[in-house]
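**Q** Next come a sequence and a model predicted from it.
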Amino acid sequence: MTRRAGVLLAIVAAALVAAGGAATVIAQHDVHQARARAVLVASPPPGMPNPGYAPGVPAMFAIAIDSYAVLVESETFLRRVIDRRQLPMTTAELRAATVVSSPRGTTIVDFDVRSDNPVTARRAATAIADEFALVIPELERPTPITVEVLAAPPAHPAFPHSTLRTIVLASIAAATAAAAVGYGARRSRAPAESGTRPPARTGRTRTTATITGDRS
């Protein structure tokens, strides 16, 4: 690799890193996230003790909680959410923007929604939780289950440190590219320098001068 080629490669690598970093910052800068929370509460009917219940954490929820995430992602559920709240999203968009999770060992279900519009993210998260609170008691009947909804607070940036993280990664990538170019340049100079060295002597050569002349 010649010096000129190495410099050109470094410029191209730096341009690619800068373009990738800029694209990442632009893509993540306007993404906001809101979380609404639903808390499932159940108690056995009066006079009918059930060993499957524990205070605040019924054993049945440990099995049912995973199926609730499937329910929230269904076409019918999302369509009801959008129609009730007039959300400016399609079912596919809302499904892609929503993440359903549950802290282990609890009856809490969290609904995280991301959007480039913080108001839409907050409305959608709360709408999903509200619809969830209506559907679950119907599905679990005759078990007396109620769902308490904690509405989503104002949305916050989904990637608050995206700019700093991108700068750090870009710096590491640029340093790696520069090191690779420098290593390649040193490797390319080594054969050229070895080709200009004089051949090494394999042994000693003794030269004897003979002087001839007339002897008187």
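**A** Right, received. Where do you want to start?

**Q** thinking Arg85 is in contact with Arg123, fair?
**A** Yes - the pair Arg85 / Arg123 is scored as a contact, 6.1 Å apart, by CB atoms under 8 Å. No exception for glycine: its C-beta is placed from N, CA and C like everyone else's.

**Q** which of the two has more neighbours?
**A** It is Arg123, of Arg85 and Arg123, that has more neighbours when counted by other CB atoms under 10 Å, with 23 against 16.

**Q** Tell me which stretches of this structure form strands.
**A** Here the chain has its strands, by DSSP state E, at 32-42, 98-101, 108-115, 145-150, 156-157.

**Q** Nearest to Met89, out of these?
**A** With CB to CB as the criterion, Met89 lies closest to strand 108-115 of the strands of the chain, at 7.9 Å.

**Q** strand partners of that closest one, parallel vs antiparallel please.
**A** Its sheet considered, strand 108-115 pairs with strand 32-42 (antiparallel), strand 98-101 (antiparallel) by DSSP bridges.

**Q** rewinding a little: would JSON lines of the strands of the chain with distance to Leu78 and mean neighbour count be doable?
**A** Output for the strands of the chain, formatted as JSON lines (distance: least, CB to CB, whole Å; neighbours: other CB atoms under 10 Å):
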{"stretch": "strand 32-42", "distance to Leu78": "15", "mean neighbour count": "21"}
{"stretch": "strand 98-101", "distance to Leu78": "8", "mean neighbour count": "16"}
{"stretch": "strand 108-115", "distance to Leu78": "11", "mean neighbour count": "22"}
{"stretch": "strand 145-150", "distance to Leu78": "17", "mean neighbour count": "16"}
{"stretch": "strand 156-157", "distance to Leu78": "23", "mean neighbour count": "14"}
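
**Q** okay, the ones you listed in JSON lines with distance to Ile136 and mean pLDDT next?
**A** Shown next, in JSON lines, are those (distance: least, CB to CB, whole Å; pLDDT from 0 to 100):
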{"stretch": "strand 32-42", "distance to Ile136": "7", "mean pLDDT": "90"}
{"stretch": "strand 98-101", "distance to Ile136": "13", "mean pLDDT": "94"}
{"stretch": "strand 108-115", "distance to Ile136": "9", "mean pLDDT": "94"}
{"stretch": "strand 145-150", "distance to Ile136": "5", "mean pLDDT": "88"}
{"stretch": "strand 156-157", "distance to Ile136": "27", "mean pLDDT": "88"}
